[in-house]
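Asks: give me a model of this one.
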Amino acid sequence: MLKVRVRVPATTANLGAGFNCLGLALELYNTLEMEETCSGLKIEISGEGKYVIPEDESNLSYQAAHKVFKMCGYMPGGLWIKMNNSIPIARGLGSSAAAIVAGAVAANELCRKKLSQDDLIRLCAELEGHADNIVAAFLGGLTICGYKDKQLIYKKFFMRNGIRAVVAIPQNLEVKTRDAVAVLPENVPFEDAVFNIGRVAFFVCGIISDDLEIMGFGMDDRLHQPYRKALIPGLKDVFEAAKKAGAHGAALSGSGSSVVAITNRNPAPIVEAMKKAFKRNGIEANTMILDADNEGVEIQIIRE
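Replies: Predicted coordinates:
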């Protein structure tokens, strides 16, 4: 019987100025195994989200798989899905994107790869509602995405060794995407739009030219973080503490609540500074030091 194992990296999106267009894959992974059975649906979950993620047809991985099966004109008699998750839930590290990508990729393998990578990325972006985390999870590295005539286009950049993400993850502070979207204004000042255009250009320039000072300068933002700081006590303090401790730049990870700082320096002082800044604002935070993942989704076929 054919069994598929898929590993998908965590992702941090926006990176400050790159609202809804920049994503970075990180070396923190969810793994999903999918096997066709004679009948029924069995989902087993371990790790992050064990008691939160549904184990029925509302499960995101199953929904993505079902859509792939439907597009391919193939419906298995039943499915056994095992999920082992390391990506925190509702913390801005791409847990939902990882679930969607894993389910879609595994299902496509059971369908003998009828859909192309491009097909799968577009399908997953549609399910997620935005493409930044999806593209980074698929391709790895730093990714840029956008739309032309309603068609998704994207580009990947390799992240060099030595660049690390220091992630501070509030323990008891979830930020639902819908709440993070609800606080954003319908219109922004013209000068703020111009500000972000310049900053995201500097960010990409810094990555390409290996100038992390310019990259960090490019993480400043006026389009979403000023409005979302009300959801995360001490957000500005954490940014400033990270940069004073040696980070080149710091930003809200996705829509939060995690904060990501980018550096090629000793990460230990940055870890302590971010934890202390959160604690001064009444929040206990866990921390991770993560390298960039340049591979994206990985697939293993298991024949038993």
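Asks: where along the stretch 201-304 of the chain do the helices fall?
Replies: For the stretch 201-304 of the chain, applying DSSP state H, counting those that start in this stretch gives helices covering 212-217, 225-228, 235-244, 268-280.
Asks: is it true that residue 204 touches residue 218?
Replies: Yes - with contact defined as C-beta atoms under 8 Å, residue 204 and residue 218 form a contacting pair (7.3 Å). Placement of C-beta: from N, CA and C, glycine included.
Asks: more neighbours: these two, which one.
Replies: A direct count of neighbours by other C-beta atoms under 10 Å for residue 204 and residue 218 places residue 218 higher, at 27 against 20.
Asks: pretty sure the more buried one contacts residue 208?
Replies: No - judged on C-beta under 8 Å, residue 218 makes no contact with residue 208 at a distance of 11.3 Å.
Asks: chain center to stretch 222-231, what's the gap?
Replies: The chain centre lies 19 Å from the centre of stretch 222-231; the measure is C-alpha atoms, centre = their mean, to the nearest Å.
Asks: what's the answer for stretch 255-266, then?
Replies: Averaged C-alpha coordinates place stretch 255-266 at 13 Å from its chain's average position (C-alpha atoms, centre = their mean).
Asks: how far does it stretch from one end to the other?
Replies: 26 Å (C-alpha to C-alpha, to the nearest Å).
Asks: all strands of the stretch 51-200 of the chain, in order?
Replies: Residue ranges of the strands in the stretch 51-200 of the chain, as given by DSSP state E, counting those that start in this stretch, are 78-85, 142-148, 151-157, 164-170.
Asks: so what touches the first one?
Replies: Just to be clear, that refers to strand 78-85. Residues outside strand 78-85 that contact it (C-beta atoms under 8 Å, 6 or more residues apart in numbering): 30-50, 53, 59, 61-62, 65, 95, 98-99, 102-103, 106.
Asks: just the ones in helices from those, please.
Replies: Among those, the residues falling in helices (DSSP state H) are 61-62, 65, 95, 98-99, 102-103, 106.
Asks: rewinding a little: so which of the strands of the stretch 51-200 of the chain is the most surrounded?
Replies: strand 164-170 (a mean of 25; mean count of other C-beta atoms under 10 Å).
Asks: strand partners (parallel or antiparallel) of it?
Replies: strand 259-263 (antiparallel), strand 285-291 (antiparallel) (DSSP bridges).
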